[in-house]
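**Student:** Need coordinates for the following:
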Amino acid sequence: MHHMHHIIPRHAGGTNDPSNLVKLSVEEHAEAHKKLWEQYGRKEDWIAWKGLSGTLPKEKIVHEANKINGLKGNKKHVERYKSDPEYAAWCRQRQSKPKSTTVNYFKPKTQEHADNIRKAALKRERIVCSSCGKGYTKANIAKHERACKGK
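**Tutor:** Here you go, the predicted structure:
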């Protein structure tokens with residue numbers, strides 16, 4: 001798999017002009033951003049390097065990028081969408097792609113499948129809420145207790 005790398009990164013004023021783009025492997029792309037980070041010390045290059053090398057989870061990449069760009073909720077997105085045609089085109093292109101190729105991914109496929117899900121759920125250890133006495137799984141007890149204390 002190959003990526004298109006901006007020789008002068010967009011965050012440093014580079015454009016999408018073909019003369020500013022070079023085709024790199026993922027490893028080469030990560031290395032290019034590492035060198036840019038070491039040379040210029042820009043946080044955007046550090047995020048790109050760590051993200052491409054797989055050492056920074058996607059949630060952290062988004063969080064760090066939003067921090068740098070000062071994005072606060074939807075307002076900045078709307079402003080950028082209206083003022084930057086390239087960003088607007090990128091957003092439209094992403095929206096047109098389906099999130100998943102599998103329809104009804106989380107729904108049981110057959111009655112047997114639904115029964116197996118139910119049996120597995122019944123086997124899970126239950127923890128009893130100290131406030132109301134109802135049983136919940138480990139995954140749900142903390143959320144329930146927060147809601148239960150508010151009653």
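**Student:** mind listing the strands for this protein?
**Tutor:** 2-6, 21-25, 126-128, 135-137 (DSSP state E).
**Student:** Quick check: mean pLDDT of the last one?
**Tutor:** Averaging the model's pLDDT scores along strand 135-137 yields 84.
**Student:** and that strand, what does it pack onto?
**Tutor:** Packing partners of strand 135-137 (3 or more C-beta pairs under 8 Å, 6 or more residues apart in numbering; DSSP states H and E): strand 126-128. C-beta here means a position set from N, CA and C on the backbone, and glycine is covered the same way.
**Student:** In the strand it packs on, which residues are buried?
**Tutor:** Residues of strand 126-128 classed as buried by neighbour count (16 or more other C-beta atoms under 10 Å): Ile127.
**Student:** quick one on the thing from earlier: could you dump the strands of the chain to CSV with distance to Trp37?
**Tutor:** Shown next, in CSV, are the strands of the chain (distance: least, C-beta to C-beta, whole Å):
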stretch, distance to Trp37
strand 2-6, 14
strand 21-25, 16
strand 126-128, 46
strand 135-137, 43
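**Student:** Out of those strands, the one nearest Glu86 is which?
**Tutor:** strand 2-6 (12.0 Å; C-beta to C-beta).
**Student:** Does anything pack onto the closest one? Which helices or strands?
**Tutor:** Judged by 3+ C-beta pairs under 8 Å, 6+ apart, strand 2-6 is in contact with strand 21-25, helix 26-40.
**Student:** still on that earlier bit, nearest to Gly41 among the strands of the chain would be which one?
**Tutor:** strand 2-6 (17.7 Å).
**Student:** tell me the angle that closest one makes with helix 26-40.
**Tutor:** Strand 2-6 and helix 26-40 are oriented at 20 degrees to each other (axes from the mean of the first three to the mean of the last three C-alpha atoms, to 10 degrees).
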